[in-house]
Structure formats: structure tokens, C-alpha cells
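J.: Quick one, what's the 3D model for this:
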Amino acid sequence: MIVQRQRYDWRIRDRSFTLGSRTLIMGVVSLENEGEGKRIDPGLVLDKARELERQGADLIELHAGPIYIGSRPLSADEELRKLVPVLRKLRHNLDTPVSINTYNAATAERAVELGVQIINDVSGLAFDAKLAGVINQSNVGLILTHLRGTPDTWKRLPALPDLVATIGRDMVSSLARARRAGIDRRRIVIDPGLELGKRGLENFRVLTQLDRLGQLQQPILVSPSRKRFMTESVRASDAEWTLAAAALSTIAIYGGAHIVRVHEVEAVAQAAKAADRVFELEN
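T.: This is a model prediction of the structure:
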């Protein structure tokens with residue numbers, strides 16, 4: 001079933017995006033393989049961001065690394081060591097709005113000073129009590145991502161009789177935390193968090209029931225890229241990853257997603273453009 005997307009005006013700092021008329025593409029620039037003796041070259045990151053922009057990215061997200069290293073959460077110092085030089089480079093050289101993926105208030109505060117316009121919080125405002133205040137004061141856009149458990153508990157999590165209902169209830173709690181901090185709902189996008197505490201077929205269930213999250217009356221982002229459940233092997237070729245991302249992005253779009261967050265921008269942008277034509281027929 002193809003869900004007719006609701007339209008929203010997403011406000012991020014000094015800009016706004018109309019969501020629902022076409023699918024927005026968030027291109028991911030990963031920094032997580034840097035560090036440990038390797039020096040991040042901000043110029044190369046800028047080149048990559050510009051290339052994703054050329055391929056069709058409406059937004060750029062910098063991914064500093066995994067949310068946990070072993071059983072330990074990634075610290076703000078570790079994130080900022082990678083992000084600050086890059087953000088200084090991007091600040092006056094990239095027109096596309098920049099997002100960072102963090103749940104640390106200190107990281108978000110410094111990133112906002114360096115021009116970041118969107119904070120993607122994988123914890124749904126549950127990990128750092130100060131983060132909501134930083135976001136409220138800065139008026140940046142906020143992506144509330146659903147996380148079930150933590151990486152060190154994922155293997156022990158029991159199956160749920162209705163995973164999407166649980167995601168919905170947890171998202172209601174995240175939205176309530178945002179409202180208590182004064183964050184305008186027009187600044188918020190929700191993400192069901194594929195593979196973040198969901199295993200195997202559970203992720204496909206989230207995608208095929210994505211329309212149920214539309215009841216929350218918030219725009220939806222889905223990140224169907226480079227996830228282990230997408231292919232039969234984690235050693236899949238680049239072509240397999242790309243085709244899987246394009247296919248799952250299309251499913252997400254037809255389920256009501258307004259934004260897809262991917263590494264494979266060029267292919268997914270073309271798939272999204274074709275998928276959006278169906279909504280034109282519906283109008």
C-alpha cells in the first residue's frame with residue numbers, strides 16, 4: 001500500500017524545508033574509520049560532502065563513529081576531536097545544511113557554534129539530560145531516533161509482540177521530553193532506528209508498517225543504508241549495498257518517509273525521484 005504523505009514545514013535554525021512534496025536525501029559522510037593514528041583531512045571531507053551535494057543530497061550528516069565502543073558510550077571529547085576540524089572547514093564552504101549524529105550535549109553545543117543546523121540524537125533525548133536545552137536554545141532541527149536498549153544489551157533483548165507499537169510509545173516519550181524543554185514540534189523529525197536494537201526481519205517489519213508511525217503527526221526519516229539486515233552477507237559488494245539501499249528507500253517512501261538518510265546518494269536520489277512520481281499521480 002502506498003501511503004499519501006502528510007506535508008510539514010521543517011524548521012532548522014534560519015531555514016525551513018517543505019517535507020512531503022518530494023523526498024529529501026540526507027547524504028552520510030562517515031568519519032568513524034578515521035582516528036586511531038589516522039589524521040582526518042577536512043579538505044577531503046569537504047570534497048566528499050560537495051560530491052554528495054552534486055549527486056542530489058539536500059542535507060549532509062557527519063557520522064563521527066559508533067555510539068558505543070565495546071560497552072562504553074562514545075564521549076564528547078572523542079566526537080569533537082574528529083568533528084571540530086571538519087566543521088571549521090565546512091562552515092563557510094558548504095551551502096547544504098549539516099547534521100551531526102550525537103547524544104552528547106557538549107558535542108551538540110560546540111557543533112552548533114560551528115554552524116551545524118541539525119542534531120540527530122540516537123537516544124531520543126534519553127541519554128544526556130542537557131541536550132534538549134541546547135537544542136531549544138539554538139533552534140536547530142532535531143531528529144529523534146529510536147533506540148531499543150544499548151549495543152551491549154542488543155543480543156539479549158527478547159522479541160516483542162508488536163515492535164512498531166513499542167517504537168510509537170517510545171517516540172511519544174521522546175516527543176514529551178522535547179516539549180518539556182520547549183522545543184517546537186515544527187523542528188522535529190522522527191526516525192524508527194533501523195537495526196538499533198532490532199534484529200533481522202524485525203527491521204523489514206518496521207519498514208512495512210512505517211505508516212503506523214504517521215499517527216504521531218511528525219515527519220519521518222528512515223536510514224536504510226549499510227545495515228547488516230539488508231544483504232545476506234556483511235561482505236556484500238558495493239553494488240549489492242547500493243541496490244538494497246535504493247530498494248529499501250523506495251519501500252520507506254511508500255510507507256510515508258519524508259527523508260532518507262543514505263551513503264549511496266546518487267542511486268537513492270534517482271530511486272526517490274521515480275518513487276515521488278507516484279505521489280504526483282495521487283494528487
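J.: Only C-alpha atoms from now on, for both contacts and neighbour counts.
T.: Fine.
J.: show me where the stretch 151-283 of the chain has helices.
T.: Using DSSP state H, counting those that start in this stretch, the helices assigned to the stretch 151-283 of the chain run over residues 163-180, 201-208, 238-254, 265-282.
J.: TSV for these, including mean pLDDT, mean neighbour count and distance to residue 87?
T.: Formatted as TSV, the helices of the stretch 151-283 of the chain follow (pLDDT from 0 to 100; neighbours: other C-alpha atoms under 10 Å; distance: least, C-alpha to C-alpha, whole Å):
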stretch	mean pLDDT	mean neighbour count	distance to residue 87
helix 163-180	98	17	26
helix 201-208	94	19	32
helix 238-254	93	21	27
helix 265-282	91	17	21
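J.: Out of the ones you listed, flag the one nearest residue 83.
T.: With C-alpha to C-alpha as the measure, helix 265-282 is the member of those nearest residue 83 (21.5 Å).
J.: Packing partners of that closest one?
T.: strand 24-30, helix 42-55, helix 238-254 (3 or more C-alpha pairs under 8 Å, 6 or more residues apart in numbering; DSSP states H and E).
J.: Measure how that helix sits relative to helix 238-254, angle-wise.
T.: Following axes from the mean of the first three to the mean of the last three C-alpha atoms, to 10 degrees, one obtains 30 degrees for the angle between helix 265-282 and helix 238-254.
J.: how far out from the middle of the chain is helix 265-282?
T.: Distance of helix 265-282 from the chain centroid (C-alpha atoms, centre = their mean, to the nearest Å) equals 19 Å.
J.: Give me the nearest residue to residue 101, chain neighbours excluded.
T.: residue 120 (4.7 Å; C-alpha to C-alpha, 6 or more residues apart in numbering).
J.: Check the secondary structure at that neighbour for me.
T.: Here residue 120 is recorded as strand under DSSP: H, G, I helix; E, B strand; the rest coil.
J.: Can you give me the pLDDT of it?
T.: We have a pLDDT of 98 for residue 120.
J.: just residue 263 next, same as before
T.: Note for residue 263: predicted pLDDT of 95.
J.: do residue 3 as well
T.: 87.
J.: ditto for the one 10 residues further on
T.: On the pLDDT scale, residue 13 is placed at 92.
J.: And the one 3 residues further on, by the same measure?
T.: At residue 16 the predicted local distance difference test score is 95.
J.: what about the residue nearest to residue 101, how many neighbours?
T.: Residue 120: 25 surrounding residues under other C-alpha atoms under 10 Å.
J.: Quick one: residues contacting the nearest residue to residue 208 once chain neighbours are set aside.
T.: Once flanking residues are discounted, residue 208 sits nearest to residue 255: 6.8 Å by C-alpha to C-alpha, 6+ apart. In this structure, residue 255 makes contact with 1-3, 207-211, judged by C-alpha atoms under 8 Å, 6 or more residues apart in numbering.
J.: Now list the buried members of these.
T.: 207-211 (16 or more other C-alpha atoms under 10 Å).
J.: Just the closest of these to residue 250, please.
T.: Of these, the one sitting nearest to residue 250 (C-alpha to C-alpha) turns out to be residue 207, at 10.1 Å.
J.: Would you agree the closest one is in contact with residue 250?
T.: No - assessed by C-alpha atoms under 8 Å, residue 207 is found out of contact with residue 250, at 10.1 Å.
J.: surely residue 19 meets residue 58?
T.: No - using C-alpha under 8 Å, residue 19 is not in contact with residue 58, being 11.6 Å away.
J.: Could you point out which residue ranges in this protein have low pLDDT?
T.: Low-confidence segments of the chain, defined by pLDDT under 70: 1, 32-38, 69-71, 232-234, 282-283.
J.: go with 90
T.: Where the chain drops to pLDDT under 90, the residues are 1-4, 14, 32-40, 64-74, 149-160, 199-201, 225-238, 240-241, 278-283.
J.: Now do the same contact list for the residue nearest to residue 131 when sequence neighbours are not counted.
T.: Nearest residue to residue 131, sequence neighbours excluded (C-alpha to C-alpha, 6+ apart): residue 105, at 4.2 Å. Residue 105 makes contacts with 76, 128, 130-132, 134, as judged by C-alpha under 8 Å, 6+ apart.
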